[in-house]
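Asks: give me a 3D structure for the following:
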Amino acid sequence: MSGIRSIFFTAVVGAVLSMSAILPTPSHAQTHTQTQTQTPAQASAPIAATSATAKATFAGGCFWCMEAPFDVLPGVISTTAGYIGGQTKNPTYKEVSSGRSGHAEAVQIIYDPKKISYDKLLDVFWRNIDPTVVNRQFCDVGTQYRTGVFAHDEAQKKSAEASKIALQKSKPFKGDIVTEIIAAPEFYPAEDYHQDYYKKNPTQYSFYRAGCGRDDRLKALWGAAAGGGKH
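Replies: Numbers count the residues shown, from 1 in each chain. Here you go, the predicted structure:
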């Protein structure tokens, strides 16, 4: 997704394929090249919230890695990878990955508040990010990889702020929590090939996740509480 991500993935996959009988699969860079003319208008619209459901939006770096932990939670109806927080309308992946759109990669969650609380979603969010760094997550660097909670109403904002304060007091690591909490602006779904990437491309996803050091860093920060969902 970032230049670092694409370079790493191309190198690792090339090395692994040269030493094994695994059939070649397209790298993220190749997939992006093949679909670079795709626009957000071609991406599937996220499932809309109804009177019986609610919406939560979080930025936690690579959105490939942020769908999986929420998808497995009872009460979560859907997750959508996308872009939020910038000035460019209807941004493309290319625009966001350049760092010039102002958007962050994010995941929007539709859930049933009778089955899962917003506070539970916050708990899973925190334990899937490194909240101690600004404008980066793991190996990905840039404003598009900043962390954030995008509140859809005043109740969510208060819950997120209370959660952050409580975590600052109880956190098992030394660094300050720098994750922003702001009102949610418009969310733009990412291109279709980014949706459920961990399901569609498990080999590429696993190589990227391991090489980026995400799980190692999460374990160092959160210990046994790291994660909270299927990787």
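Asks: any weak-confidence spans in this structure?
Replies: Scanning the chain for pLDDT under 70 picks out 1-46, 228-231.
Asks: so which bits of stretch 85-93 are buried?
Replies: For stretch 85-93, the neighbour count (16 or more other C-beta atoms under 10 Å) marks 85, 86, 91, 92, 93 as buried. Quick note: C-beta positions are derived from backbone N, CA and C, even for glycine.
Asks: mind listing the helices for the chain?
Replies: Remark: helices assigned in the chain by DSSP state H are 3-19, 28-34, 64-71, 93-97, 118-126, 154-170, 197-200, 202-211, 214-222.
Asks: I'd like the ones you listed as TSV, with distance to residue 79 appended.
Replies: Written out in TSV, the entries for the helices of the chain read as follows (distance: least, C-beta to C-beta, whole Å):
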stretch	distance to residue 79
helix 3-19	20
helix 28-34	19
helix 64-71	4
helix 93-97	17
helix 118-126	11
helix 154-170	17
helix 197-200	11
helix 202-211	15
helix 214-222	17
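Asks: which stretch among those comes nearest residue 189?
Replies: helix 93-97 (11.2 Å; C-beta to C-beta).
Asks: just the CA coordinates for the closest one, please, in CSV.
Replies: Extracted as CSV, the C-alpha positions of helix 93-97 are listed here (Å, rounded to 0.1, in the frame of the first residue of the first chain):
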residue,chain,number,x,y,z
TYR,A,93,-6.1,4.8,-3.7
LYS,A,94,-3.4,6.5,-5.7
GLU,A,95,-4.3,9.9,-4.3
VAL,A,96,-4.5,8.7,-0.7
SER,A,97,-1.3,6.7,-0.8
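Asks: just say which of the helices of the chain is most tucked in.
Replies: Between the helices of the chain, the one whose residues have the most neighbours on average, counting mean count of other C-beta atoms under 10 Å, is helix 64-71 (a mean of 23).
Asks: out of the buried residues of stretch 85-93, the closest to residue 180 would be?
Replies: Using C-beta to C-beta, residue 85 is the member of those that sits closest to residue 180, with 8.8 Å.
Asks: what's near enough to touch the closest one?
Replies: Contacts for residue 85 (C-beta atoms under 8 Å, 6 or more residues apart in numbering) come out as 59, 102, 103, 104, 106, 148, 150, 182, 185.
Asks: can you pull the contacts of the residue lying closest to the third one once chain neighbours are set aside?
Replies: Leaving out its chain neighbours, the residue that sits closest to residue 103 by C-beta to C-beta, 6 or more residues apart in numbering is residue 86, at 3.3 Å. The neighbourhood of residue 86, defined by C-beta under 8 Å, 6+ apart, consists of 96, 101, 102, 103, 104.
Asks: so who does the nearest residue to residue 151 once chain neighbours are set aside touch?
Replies: Spatially, and ignoring its direct neighbours in sequence, residue 151 is nearest to residue 157 (3.7 Å; C-beta to C-beta, 6+ apart). Contact partners of residue 157, counting by C-beta under 8 Å, 6+ apart, are 151, 181, 183.
Asks: so which of the residues you listed sit within strands?
Replies: Judged by DSSP state E, the subset of the contacts of residue 157 located in strands is 151, 181, 183.
Asks: what number of residues are in the vicinity of the second one?
Replies: In this case it means residue 181. For residue 181, the tally of surrounding residues (other C-beta atoms under 10 Å) stands at 16.
Asks: and if you look at residue 188?
Replies: 23.
Asks: so the nearest residue in space to it that is not next to it in sequence bridges to which residues?
Replies: When the adjacent residues along the chain are set aside, residue 188 lies closest to residue 83, with 4.7 Å between them (C-beta to C-beta, 6+ apart). Each beta-bridge partner of residue 83 is listed here: residue 105, residue 188, as defined by DSSP bridges.
Asks: nothing else from me, thank you.
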